[in-house]
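**Student:** Dropping the sequence and predicted coords here.
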Amino acid sequence: MDVILAVVCLGILTILLLFFGQRFKIPSIVCFLVIGMLAGPYALSIVSDQSTIETIGEIGVILLLFTIGLEFSFERLFKAWRVVVLGGAMQVCTTVIAAAVFMHFFTGIRIQEAIFFGFLVSLSSTAIVMKILQDRGEVESVQGRTLLGILIFQDLAVIPMILLTPFLMGSGSISTASIPFEVIKVIAILAILIISAHWVVPWVMYRVAQQKNRELFIFTVAGICFAVAWLTNAAGLSYSLGAFMAGLIIGESEFSIDAASTIIPFRDIFAAIFFISIGMLLDTSVILSQYTIVFSLIAIILVIKILTGSVTSALLGMPARVSVYVGLALAQIGEFSFVLAKSGLEENLIGSGPYQFFLAAAIITMALTPFTMNAAAPATNLLYRLFPTRIKKPDDDGKSRKDANPQLRDHIVIVGYGMTGKSVARAAEILGIPYAIVEMDPDVTKREREAGSGGTIVFGDAAQREILEHAGIAQARALVVVISEQTSVPAIVHLAREMAPKIHIVVRTRHVGDARHLLDLGADEVIPEEFETSVRIFSCILAKYGLPKDDIRALTGLVRKNGYRIFRKGDTALAGEAADPEKLFGDLRISQVTVPEGSPAAGRTLRELDTWNRHSVAILAVRRGKETLTAPSPDLVVSPGDVLLLYGSKTGFEAVTGSTVGRGSPSPSPV
């Protein structure tokens, strides 16, 4: 097929599949893999030249790993060293051992091939997992930080795996005398990396930056990437390892931010090229003709990775909910595994047939990732029901129960000790109100105990009955739920309401659309971040147009007061109790209407008009001549010619204009 025509066909196929993937919430990486399968030589043959496919894939993986190395920060490694080093090492080692033992004893393959299979299975997809966590807003949650630490270790573990791959070719294929040479070569490469990162690259980048030429800077960055990749390949290592090292070198320099801003926008294109090329290598007929082998391999991968991931998280001291989530999130094959598989194919560690089986299993496990992560909450709840006595004590050091204050009464239970949770705790301390904190991060609970926090610290999952009992939920006056794990919030609210029917429950949620569900489950008040953000932006816009601070404070206070009525239990002021908050807030507007001569509103006070209770429309301000009265008194008498600034829905405006004010001049504008 003509090159230009192939590009056009590939572009159309990509647009269509990405569109449908977005509609059905399928990760883009999975779409790229499917695009490659369809466009490759085993399906539509849009691209049929195998050498071209391999070249495209090589360039794609070089650029992809370069951007990953560019973003990598050793500071993140040091901050989360316990999860990264201990958790990552346990997860990778246990997965490699479990997979190798299973494959060697149950399939009869050589131990070298079994170990290599363990390498492939031990890695998970950083791109897919972090994308899903980012979409859910859970990157900074306990499970998000745990997953990030393990994934960082996996990314680093690729380096020794690539180095060890030639040694697994078979017994006797590498002489003992050559081992010192290989070690010296690795040390030399590391020395070059350190010298380049500290002296050579910063000097070169500084000289280039002095020229203030954007094109020169971009090509210098790209040149360093491909030069280091070529040097490592010439030394007997892979291009991908060299690209990752190049990213690390530039990433540690003072020009890393500028380099990242130049390269990162192209990251999605780099990733797309790589994953499409991987999909092109898959023979789609393998899945149909050898489906027994493929799905057996998928089952082996899922079972091993879910178990090793969950056990690793549990050994780190994480509660059951986090451990199950981590195991299910790590259950897929990672993008680095494709790089290893390609190396194994070249080193004859894996045949073309098993290679196709692996590609098929890897792509399917990637496609299953969103579903396995969604299954974490119901799987954990099932685990709690099946084994209530075995997982009822998620204490990291056995101190939670002993240190709890049995005399707690009329206190606040705070679920989540992030920024918001700390603010609530500090406010409670100022007012002398006792409080208990429920936190799932063992490091946070340990740090707070050592710091001598003024409240009781309980380590565990607040969705468990015994944890809430230990926090004194039955004797508490209020419960504040401020955690990042939004999937756990409904279970916590429902359980707390069941255990303490009279407790006042305040919940922070991310989206306005979640408010009604949480209120139905038992929450008394819901604080949506979306609404608070909109109010803050509203106040910034008012300030930009020169409105006095006192007036802005009064207006935003009124908007907040009226808006939050829908987020409180039992308040039906806005279009009924069953109203959808998202639809309601999407219809809210600010409008102004002029009171004409002979209006029914003229001569009456704002209290008598009662526009809020009658029509769900608030009067934010009254303009009288050149004067603007913000948050006017309910006893203010309306006069002809006054301009009423209204806040409400379109239906409410029409009702106020038609029956209360009479003929006026409405002029709506979105909030």
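**Tutor:** Great, that's in hand. Numbering: from 1, shown residues only.
**Student:** At which residues are the strands of the stretch 201-350 of the chain located?
**Tutor:** Assignment of strands within the stretch 201-350 of the chain using DSSP state E, counting those that start in this stretch yields no ranges at all.
**Student:** Kindly report the same for the chain.
**Tutor:** Taking DSSP state E as the criterion, the chain contains strands spanning 412-415, 435-439, 456-459, 478-481, 504-509, 525-528, 589-594, 618-624, 627-630, 643-648, 669-670.
**Student:** out of those strands, nearest to residue 218?
**Tutor:** Across the strands of the chain, residue 218 has its closest neighbour in strand 669-670 (40.5 Å, Cβ to Cβ). Where C-beta positions appear, they are placed from N, C-alpha and C, glycine not excepted.
**Student:** thought residue 231 was touching residue 242?
**Tutor:** Yes - in this structure residue 231 lies within contact range of residue 242 using Cβ atoms under 8 Å: 6.3 Å.
**Student:** Name the residues of stretch 40-50 that are buried.
**Tutor:** Of the residues in stretch 40-50, 40, 42-43, 46-47 count as buried by neighbour count, 16 or more other Cβ atoms under 10 Å.
**Student:** ditto for stretch 109-123
**Tutor:** For stretch 109-123, by 16+ other Cβ under 10 Å, it's 109, 112-123.
**Student:** dump the residue contacts of residue 116.
**Tutor:** 165, 168, 340, 344, 349-350 (Cβ atoms under 8 Å, 6 or more residues apart in numbering).
**Student:** Quick check: nearest residue in space to it, chain neighbours excluded?
**Tutor:** Computed as Cβ to Cβ, 6 or more residues apart in numbering, the closest residue to residue 116 that is not its neighbour in sequence is residue 349, at 4.8 Å.
**Student:** Could you give the backbone dihedrals for the one you found?
**Tutor:** Dihedral pair for residue 349: phi -80, psi -20, per degrees, to the nearest 10.
**Student:** for residue 123, same thing?
**Tutor:** Dihedral angles for residue 123 - degrees, to the nearest 10 - are phi -90, psi 140.
**Student:** what's the closest non-adjacent residue to it?
**Tutor:** Residue 123 sits nearest to residue 334 (Cβ to Cβ, 6+ apart), 3.8 Å away.
**Student:** I'd guessed that neighbour sits against residue 121; true?
**Tutor:** No - counting by Cβ under 8 Å, residue 334 stays clear of residue 121, with 9.6 Å between them.
**Student:** okay, and the common contacts of the two?
**Tutor:** With Cβ under 8 Å, 6+ apart, residue 334 and residue 121 have no common neighbours.
**Student:** what sits against residue 377?
**Tutor:** Counted by Cβ under 8 Å, 6+ apart, residue 377 has contacts 321, 487-488, 491.
**Student:** Most neighbours among those residues, which one?
**Tutor:** residue 321 (29 neighbours; other Cβ atoms under 10 Å).
**Student:** Just the terminal-to-terminal distance for stretch 513-530.
**Tutor:** End-to-end span of stretch 513-530 (Cα to Cα, to the nearest Å): 10 Å.
**Student:** Kindly apply the preceding question to stretch 252-270 instead.
**Tutor:** Stretch 252-270: ends 22 Å apart by Cα to Cα.
**Student:** cool, and stretch 316-332?
**Tutor:** By Cα to Cα, one end of stretch 316-332 lies 21 Å from the other end.
**Student:** Quick one: mean pLDDT for it?
**Tutor:** Model confidence over stretch 316-332, given as mean pLDDT, is 90.
**Student:** How about the backbone phi and psi for residue 460?
**Tutor:** phi 150, psi -180.
**Student:** you'd agree it is up against residue 438?
**Tutor:** Yes - using Cβ under 8 Å, residue 460 makes contact with residue 438 at a distance of 6.5 Å.
**Student:** Please say which of the two ends up with more neighbours.
**Tutor:** Remark: of residue 460 and residue 438, residue 438 carries more neighbours, 30 against 26, as counted by other Cβ under 10 Å.
**Student:** Which strand residues bridge the more buried one?
**Tutor:** Counting by DSSP bridges, residue 438 forms beta bridges with residue 415, residue 458.
**Student:** quick one: it from residue 83, how far?
**Tutor:** 21 Å (Cβ to Cβ, to the nearest Å).
**Student:** thinking again about what came up before, in helices, which of the buried residues of stretch 109-123 fall?
**Tutor:** 112-122 (DSSP state H).
**Student:** just those now: which is nearest residue 386?
**Tutor:** Closest to residue 386, out of all of those and judged by Cβ to Cβ, is residue 121, at 27.2 Å.
**Student:** Which residue, other than its chain neighbours, is closest to the closest one?
**Tutor:** Per Cβ to Cβ, 6+ apart, closest to residue 121 is residue 99, 4.4 Å.
**Student:** before we move on, back to that, which one of the ones in helices among the buried residues of stretch 109-123 sits closest to residue 304?
**Tutor:** residue 121 (6.3 Å).
**Student:** Just the pLDDT for residue 156.
**Tutor:** At residue 156, pLDDT is 76.
**Student:** and it, what does it touch?
**Tutor:** Counting by Cβ under 8 Å, 6+ apart, the residues that residue 156 touches are residue 88.
**Student:** try residue 282
**Tutor:** Per Cβ under 8 Å, 6+ apart, neighbours of residue 282: 33, 36-37, 40, 42, 356, 359-360, 363.
**Student:** 10 Å - rerun?
**Tutor:** 33-34, 36-37, 40, 42-43, 355-356, 358-360, 362-363 (Cβ atoms under 10 Å, 6 or more residues apart in numbering).
**Student:** Report back the residue of the protein that's furthest from centre.
**Tutor:** residue 598 (58.4 Å; Cα atoms, centre = their mean).
**Student:** measure that residue to residue 417 for me?
**Tutor:** Counting by Cβ to Cβ, the gap between residue 598 and residue 417 amounts to 61 Å.
**Student:** So what pairs up with residue 624 in the strands?
**Tutor:** residue 627.
**Student:** Residue 635 contacts residue 609, correct?
**Tutor:** No - with contacts defined as Cβ atoms under 10 Å, residue 635 does not count as touching residue 609, sitting 11.6 Å away.
**Student:** Hmm, residue 634 is touching residue 618, no?
**Tutor:** No - assessed by Cβ under 10 Å, residue 634 is found out of contact with residue 618, at 11.7 Å.
**Student:** Neighbour count: the two, which is higher?
**Tutor:** The neighbour count for residue 634 versus residue 618, taken as other Cβ under 10 Å, is higher for residue 618 (22 against 11).
**Student:** how far away is that one from residue 601?
**Tutor:** 15 Å.
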